[in-house]
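> Sequence and predicted structure, then a few things I'm wondering about:
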Amino acid sequence: MRIYLVGGAVRDKLLERPVVDRDYVVVGARPDELIEAGYKPVGSDFPVFLHPRTGEEYALARTERKSGRGYHGFTFHAEPTVTLEQDLARRDLTINAMAEDADGTLVDPFGGAADLEARVLRHVSPAFVEDPVRVLRVARFAARYAPLGFRVAEETMTLMQRMTADGEIDHLVPERVWAETRKALREPQPSAFLQVLRQAGALRVLFPEIDALYGVPQRAEYHPEVDTGVHVELVVDMAARLAPGDDLVGFCALVHDLGKARTPEAEWPRHIMHEQRGTEPLRALAERLKLPTEHRELGLLVCREHLHAHRALQLKPKTVLGLLDKLDALRRPERLDVFLTACEADARGRTGHAEDAYPQADFLRAARATAAAVTAAPFLEQGLQGPAIGEAMQRARIKAIAALDKPAAT
């Protein structure tokens, strides 16, 4: 029995990045040997075990063979005769197909270390085309490593384009598409995820609502980048900067302008009512990918209300309170934080505006605090009852918001 550290742990160690998860491959062993040694079996499709002390994953070396369409269309073979190189050969990218033995010696049969040095995401073998999830994974790795200068190898992009053309992408299950997208939105440069998928032709298949934004012009005085698709790329990257690792903010940033793809061309580059027009494609996307309720609800709120946030300093106090009520911000202030962060990302996700201030956020947080400070107690003491209490609280909250000092608009 020989045990090797494999995959991401080896990759990140060579990149001098923090190693979060450690996975191991066991060569030359049978399941009963690991069970007798105290390992706990957890794999359903193939033999995977948890270490009795550390809880880390140990998988028997295996090969895989394509047996059908999509992510689940594989059969696996795990026997003591399967070599380490055979196991590494089934992996997606060369930078993920390295191993390290117990003495720390690198095992690198496919040139992963050289590709790390060259900053290249390259497939291991032609078998890459058999698993459509790999298109999403490559795009996600691009989002993670683009700040380090990584790019997708030309021959790998060609394979991904072929997978799209052959319809393999069509067989991805919604849950897996969302899982990979959610991870990509937590990475430092989510725009690379969109760019890689678009170049591969997969964005129009998986996210037609987002793909439709490319080529749609906006008014240059407000959006120097002009192209709405480019604007969304800037916004998701700004969201990653403002809220690192927060996929809820990232998703709201991703979908905030979907309505601009519904603007009639005759109205370009203006996009009146794009907030309302964006709700239908957003609901369709949420239904198709079976999104979590919070992502769907916050995405819709940002889509519909982001212009109110931008104009917050000009809004009437009653309208400000109405916005807070729509967000349920008095009861759930965390929703206001998500909303405002996504709106700030929209405002700053424009060419030449990345360092702009966004005083609207502080004003709306202050409005929320002063409105929440109004309680029913004094009105009960006055003898008010029933609906009269709510009406009095509403008037008091509007008055309190009106008394706030507003920062200068930028």
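Looks like it arrived, so ask away.
> what sits against Leu248?
The contact partners of Leu248, taken as Cβ atoms under 8 Å, 6 or more residues apart in numbering, are 294-295, 298, 338. All C-beta spots, glycine's among them, are computed from the backbone N, C-alpha and C.
> Revised request: answer the last question for Gly215.
Contact analysis of Gly215 by Cβ under 8 Å, 6+ apart lists 227, 229.
> Looks to me like it is in a strand.
No - Gly215 is assigned coil when assessed by DSSP: H, G, I helix; E, B strand; the rest coil, not a strand.
> So what does it look like in phi/psi?
Main-chain torsions, Gly215, degrees, to the nearest 10: phi 90, psi 0.
> Please report the distance of it from Leu242.
27 Å (Cβ to Cβ, to the nearest Å).
> ok so, going back, for Phe207, state which of the contacts of Leu248 is nearest.
Closest to Phe207 out of the contacts of Leu248 is His295 (14.1 Å), distances taken as Cβ to Cβ.
> pLDDT score for Phe76?
For Phe76, the pLDDT comes out at 70.
> Can you name the element that comes right after the host helix or strand of it?
Per DSSP states H and E, Phe76 falls inside strand 74-77. Downstream of strand 74-77, the next assigned helix or strand under DSSP H and E is helix 84-89.
> tell me which residues of that next one are tucked away?
84, 86-89 (16 or more other Cβ atoms under 10 Å).
> about what we covered before: need the contacts of Leu248 in JSON lines with pLDDT, distance to Val226 and neighbour count, can you?
What follows is the contacts of Leu248, written out as JSON lines (pLDDT from 0 to 100; distance: Cβ to Cβ, whole Å; neighbours: other Cβ atoms under 10 Å):
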{"residue": "Glu294", "pLDDT": "97", "distance to Val226": "33", "neighbour count": "13"}
{"residue": "His295", "pLDDT": "98", "distance to Val226": "29", "neighbour count": "21"}
{"residue": "Leu298", "pLDDT": "98", "distance to Val226": "28", "neighbour count": "21"}
{"residue": "Val338", "pLDDT": "98", "distance to Val226": "28", "neighbour count": "22"}
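> Mind putting these into a markdown table with secondary structure and distance to Val6?
Below are those laid out as a markdown table (DSSP: H, G, I helix; E, B strand; the rest coil; distance: Cβ to Cβ, whole Å):
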| residue | secondary structure | distance to Val6 |
| --- | --- | --- |
| Glu294 | helix | 35 |
| His295 | helix | 33 |
| Leu298 | helix | 38 |
| Val338 | helix | 37 |
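> low-confidence ranges in the chain?
Residues of the chain meeting the criterion pLDDT under 70: 43-46, 65-75, 409-410.
> where's the spatially most central residue of it relative to Pro269, distance?
Nearest to the geometric centre of the chain sits Leu185, at 2.0 Å (Cα atoms, centre = their mean). Leu185 is 28 Å from Pro269, where distance means Cβ to Cβ.
> Equivalent analysis for Ala329, please.
According to Cβ to Cβ, Ala329 stands 33 Å off from Pro269.
> between those two, which one's more packed in?
Shown here are Ala329 and Pro269; by other Cβ atoms under 10 Å, Ala329 has more neighbours (23 against 16).
> Could you find the closest non-adjacent residue to that one?
Closest residue to Ala329 apart from its sequence neighbours, by Cβ to Cβ, 6 or more residues apart in numbering: Leu336 at 4.0 Å.
> Can you verify the one you found is assigned to a helix?
Yes - judged by three-state DSSP, Leu336 forms part of a helix.
> CSV please, covering the buried residues of helix 84-89 and showing distance to Tyr358.
Formatted as CSV, the buried residues of helix 84-89 follow (distance: Cβ to Cβ, whole Å):
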residue, distance to Tyr358
Leu84, 52
Gln86, 54
Asp87, 50
Leu88, 48
Ala89, 50
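> ok, these vs Pro224, which is closest?
Once Cβ to Cβ is applied, the member of the buried residues of helix 84-89 that ends up nearest Pro224 is Leu88, at 46.5 Å.
> pretty sure the closest one contacts Gly111?
No - contact between Leu88 and Gly111 fails when scored by Cβ atoms under 8 Å: they sit 11.5 Å apart.
> List the residues that contact Gly111.
Contacts for Gly111 (Cβ under 8 Å, 6+ apart) come out as 94, 122.
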